[in-house]
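Asks: Fold the following, please.
(chains A and B, ligands or ions: 1)
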Amino acid sequence: MPTFESIQRPERWAVPFSREMTDADVDRLLTIEPFASVDPTRFRGTVTLRGILKNDTRLVRYRPGDIVVRQGDWGNSAFLVVTGNVHVELGSAANLPNEILGRQPVRRKSLFQIIAQLWANSADPEVRDVAAYRDDPRIGTRGSGEQTRIYLQDVSTVLSKYQTAKLEAGQFFGESAALGRTPRSATVFAERPTELLEIRWQGLRDLMRRDDALQKHIDAVFRDRALKWFLMNTPIFQHLDAEEINVLVTEAKFETHGQYDWVGSFKRLAKQGIDTDLQHEPLIAEEGNHTNGVIIVRSGLARLSRRYEHGHRTIGYLTPGQIFGMDEIIDGWLGKTPKPLANSLRAIGIANVVTIPTHLIEKLLLEKSDRRHLTRRGGPKTDPLASRAKIDTTRINSDFVEFLVENRYVNGTATMLIDMDRCTRCDDCVRACASTHDNNPRFLRNGPIQNNIMVAHACMHCEDPVCMIECPTGAIHRDLEGGQVVINDQTCIGCSVCANNCPYNAIRMVEIRHRDGDFIRDDKKHAPIVKATKCDLCSDQIGGPACQSACPHDALIRMDMRDVQQLTDWYTR
Amino acid sequence: MNTFAARRIRNLGIVAVAAILLIWFSGVMTTALRDTARASGWGLFAMICFLAAYSLRKKLPFLPLGASSRWLQLHIYVGLLTAVVFGIHIGWRVPNGLVELLLATLYGFVFVSGVVGLFLSRSLARRLTTRGEEVLFERIPIYRKRLEAKVESIVFEGLEASQSTAVAQFYADRLRHFFSQNRNFWQHLVHSNRSRFALLKEMQAYGLYLNDPEREMMTRLVTCVEAKDDLDYQFSLQATLKYWLFLHVPLTYALLVIALLHLLLVTAFAGGIS
Ligand code: HEM
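Replies: Numbering: from 1, shown residues only, chains lettered A, B, ... in the order given. Got it, this is the predicted structure:
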């Protein structure tokens, strides 16, 4: 009897990126660059080059004008041009207007429209004006289901009017956003019929590990564009000159900890409740060890914890832009002996971190700082070191911090917190929400309660908006001005991907109706049309979030969890 | 410090200072034989209009009229200050005209209901978090019905299984009434556990006369009784938090109507030199 050698398949390949990738496709890819010159012997064990191409990539065809990614979109994949070409919008003179990208610019209502809500709100739920879906000639949509694409209707005009760069066969794009889990930095569209290879993040990472040229290329592009921009915008480095920034850029170390797709495992873990041994969270730096640099979170979230009896007590969390290990470096530098880390740092879900080596911190920051300000926080506001953001939550009850972190509510930039000790259950918040949303309240005044604080089921406008990943038309997007996550009702195709991806169940799919109360149906199957709905933070109103301003008792707040100081002040009122 | 306690002390301080200044000033004016009734009357009317306008603010949440919590803070402290202006206006005596007496009584009720309501808002909200699960008020009847159905099914199952009517009898005598409606409204409001305790004690005592399967049924019923009592607690507190405004607000409208009447009368019959 023949024996078959069985190998364990990597788990992520249980669900390939696309079921349509054939062996013939893979054979073809292996003949083109960069894959033709990749050394297959570098791939050992379960992760083979063939396997990556078969399971972590998909071939996608675009027609002229099709938009591949939009600036500000969230995506987990990079692209390689196989045939044809695409254009990257450079945005140096002017950006492509939101309208033609299928985004609704947040338009504030006029005072009259605001007042008209008194009488013009609909009696039936989820009423829409069908004409609005037909009328906008600027938005072109084609394809169906999850293959729906927004396209530019007049590519040649766009090309002549806006500055773009052409990318041709063999060139990559989108890798920085995919690897760094940051928004796409530019809009890309196809000029001609184009075939792209879309590579999901995990595949790209494995390819980079085994192919030096690719690693070098992506590393160089990443450092030059994304990392430089990030460091220049990190407050503690803002006073450095271009040359010093360049030194940081070359010496910085960049790492990803955790899982890109953390939502699935999070939903499983959430059922098990709080687990203080924190074994499930990847360690970035460990308490008691000596630090070799300052760690800055570039994207994602991280937990600060300290050993406590037989577990770990959470004492804070870090959001993008916040730093870890600075106190120890300062103490070590002042005392001339290195200090071990006082806390551990772990990735919550996923965290991309940048490490700046200690010697650079000493040379570029500490040596130039006033020693008196270094010994204690709270020096002048102009001193970037003294005024760095507070990250420890020691004044907040630790159970509550544990709860916020464990359930990842710290992901929110507008998490709805309700102090149940003050809430009289009057529902003024719900009524205010309804009257500002055509009588459809966009949140539920219930949710888990810890330490008498309820985290209500309302969109938190996450720092790491997993709902935005995979939206086929980019209908759910972050408003580039206000930062809130909003849905363009016009381009939403009702596919539910965002609602299924949201770890907090904050998106609701609804069937929409005509003014007379009848469901709006599609002209082919006559099934009711479904749209995704959620809190939009009242972005079209002039008074800010109506729920918060309607609360008579200072019970409800939309909390930006990145601001630990605000959270502490609110909690200890 | 931005604590509620600090805010309360500051605002009460401001109201106290304003009250002293007003009393002093009206004293000076009276000694100078000047008429303070007109000024204090109009002042009081303006203050009451402002207090009543809070209702409008609540109905127009989409207008940028400022946060409701700001309004409420002003409402409370201006509301408290009206007592002093009211006192000055009536010369700290019970008025004798019919309309005036009615007006003063209405004002008194509105004022007292406001103070009581504020006390309830602050104290009951806090107490709601101490017992029972957080429930939406509108859903309480549904949960109660569910509990009632559960209890009935326990009892009926028991009837078949144990071939005895002991538990069913107890249910008919003592529990059916309890589960059929929200009960012990006032007791819950004053935080009394008397009825709950008595019923549970009674169930325990009754257990002495039951066999094992019946006792097990009783244990399951005890859990239901506790859940229902917690639900009653939530109902009683949440209903009070909602319904005290049904006194405060209609009385406010009545107060405004009578105040207008009073205004009409005093201006119509005002004599003196024009
Ligand atoms: C004396 C004249 C007063 C008038 C005319 C008045 C009128 C009103 C009105 C019209 C509302 C709005 C209710 C709604 O529409 O839902 C209200 C609410 C309220 N008033 Fe007064 N009020 C007065 C005095 C007071 C005083 C002295 C206090 C407390 C010290 C007070 C405490 C409150 C509170 C706590 C609310 C409810 C806030 C909420 O939970 O929604 N009021 N009042």
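Asks: what comes up buried for stretch B:223-235?
Replies: Of the residues in stretch B:223-235, those buried under the neighbour-count criterion (16 or more other C-beta atoms under 10 Å in any protein chain shown) are B:224, B:225, B:227, B:228, B:229, B:230, B:231, B:232, B:233, B:234, B:235. Every C-beta, even on glycine, is put in place using the N, C-alpha and C of the backbone.
Asks: what does stretch B:128-136 give?
Replies: Quick answer for stretch B:128-136 (16+ other C-beta under 10 Å): B:128, B:129, B:132, B:134, B:135, B:136.
Asks: least trustworthy position among those residues, going by pLDDT?
Replies: Going through the buried residues of stretch B:128-136 one by one, the lowest pLDDT turns up at residue B:132, 83.
Asks: and the closest residue in space to that residue that isn't next to it in sequence, what does it touch?
Replies: Nearest residue to residue B:132, sequence neighbours excluded (C-beta to C-beta, 6 or more residues apart in numbering or on different chains): residue B:230, at 3.1 Å. With contacts defined as C-beta atoms under 8 Å, 6 or more residues apart in numbering or on different chains, the neighbours of residue B:230 are B:131, B:132, B:133.
Asks: Just want to check the distance between the closest residue to the ligand within the stretch 101-250 of chain A and residue A:435.
Replies: For the stretch 101-250 of chain A, the residue closest to the ligand is residue A:118, as judged by C-beta to the nearest ligand atom, at 15.5 Å. For residue A:118, the distance to residue A:435 under the criterion C-beta to C-beta, to the nearest Å works out to 8 Å.
Asks: Excluding chain neighbours, what is closest to residue A:388?
Replies: Counting by C-beta to C-beta, 6+ apart, the residue nearest residue A:388 is residue A:236, at 6.0 Å.
Asks: And for residue A:33?
Replies: Of all residues beyond its chain neighbours, the one nearest residue A:33 is residue A:170 (5.0 Å), with distances taken as C-beta to C-beta, 6+ apart.
Asks: wait, isn't that neighbour in contact with residue A:32?
Replies: Yes: between residue A:170 and residue A:32 there is a contact at 7.4 Å, judged by C-beta atoms under 8 Å.
Asks: The two: who's more crowded?
Replies: residue A:32 (15 against 11; other C-beta atoms under 10 Å in any protein chain shown).
Asks: Provide a list of residues in contact with whatever residue of the stretch 301-450 of chain A ends up closest to chain B.
Replies: Of all residues in the stretch 301-450 of chain A, the one sitting closest to chain B is residue A:432 (3.5 Å; C-beta to the nearest C-beta). Residues in contact with residue A:432, defined by C-beta under 8 Å, 6+ apart, are A:546, A:547, A:549, A:550, B:61, B:62.
Asks: now those as JSON lines including neighbour count and secondary structure?
Replies: Shown next, in JSON lines, are the contacts of residue A:432 (neighbours: other C-beta atoms under 10 Å in any protein chain shown; DSSP: H, G, I helix; E, B strand; the rest coil):
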{"residue": "A:546", "neighbour count": "25", "secondary structure": "helix"}
{"residue": "A:547", "neighbour count": "29", "secondary structure": "helix"}
{"residue": "A:549", "neighbour count": "26", "secondary structure": "helix"}
{"residue": "A:550", "neighbour count": "26", "secondary structure": "helix"}
{"residue": "B:61", "neighbour count": "24", "secondary structure": "coil"}
{"residue": "B:62", "neighbour count": "24", "secondary structure": "coil"}
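Asks: with those in mind, which one is nearest to the ligand?
Replies: Minimum separation from the ligand among the contacts of residue A:432 (C-beta to the nearest ligand atom) is found for residue A:550, which lies at 9.7 Å.
Asks: So which residues on the stretch 1-150 of chain A come close to the ligand?
Replies: Where proximity means C-beta under 6 Å from any ligand atom, the stretch 1-150 of chain A presents no interface facing the ligand.
Asks: Just the helices from the stretch 1-150 of chain A, written as ranges.
Replies: Taking DSSP state H, counting those that start in this stretch to define them, one finds helices in the stretch 1-150 of chain A at A:23-29, A:49-55, A:111-120, A:130-135.
Asks: hey, which of these is tucked in deepest?
Replies: Comparing the helices of the stretch 1-150 of chain A on average neighbours per residue, with mean count of other C-beta atoms under 10 Å in any protein chain shown, the densest one is helix A:49-55 at a mean of 21.
Asks: tell me which residues of stretch A:342-351 are tucked away?
Replies: Residues of stretch A:342-351 classed as buried by neighbour count (16+ other C-beta under 10 Å): A:343, A:344, A:345, A:346, A:347, A:348, A:349, A:350, A:351.
Asks: Show me where the stretch 101-250 of chain A has its strands.
Replies: A:140-142, A:149-151, A:164-168, A:172-173, A:188-190, A:194-200 (DSSP state E, counting those that start in this stretch).
Asks: From the chain's centroid, how far away is the second one?
Replies: A distance of 22 Å separates the centroid of the chain from that of strand A:149-151, by C-alpha atoms, centre = their mean, to the nearest Å.
Asks: now that strand: mean pLDDT?
Replies: Confidence over strand A:149-151 (mean pLDDT, whole number) is 81.
Asks: cool, the shortest one as well?
Replies: Over the span of strand A:172-173, the pLDDT mean works out to 90.
Asks: got any ranges where the stretch 101-250 of chain A has weak pLDDT?
Replies: Low-confidence regions of the stretch 101-250 of chain A, defined by pLDDT under 70, span residues A:104-106, A:134-139, A:144-146.
Asks: residues in contact with the residue nearest the centre of chain B?
Replies: What sits nearest the mean C-alpha location of chain B, by C-alpha atoms, centre = their mean, is residue B:244, with 3.7 Å. Taking C-beta under 8 Å, 6+ apart as the criterion, residue B:244 is in contact with B:113, B:116, B:117, B:120.
Asks: Okay, buried residues for stretch A:525-540 please.
Replies: Result for stretch A:525-540 [16+ other C-beta under 10 Å]: buried residues A:529, A:530, A:531, A:532, A:533, A:534, A:535, A:536, A:537, A:538, A:539, A:540.
Asks: Go back to the residues you listed and keep what's next to the ligand.
Replies: Restricting the buried residues of stretch A:525-540 to those touching the ligand (C-beta under 6 Å from any ligand atom) yields no residues.
Asks: Show me where the stretch 451-573 of chain A has its helices.
Replies: Chain-ordered helices for the stretch 451-573 of chain A, with DSSP H, counting those that start in this stretch as the definition, fall at A:497-501, A:546-550, A:564-571.
Asks: Thanks a lot, catch you later.
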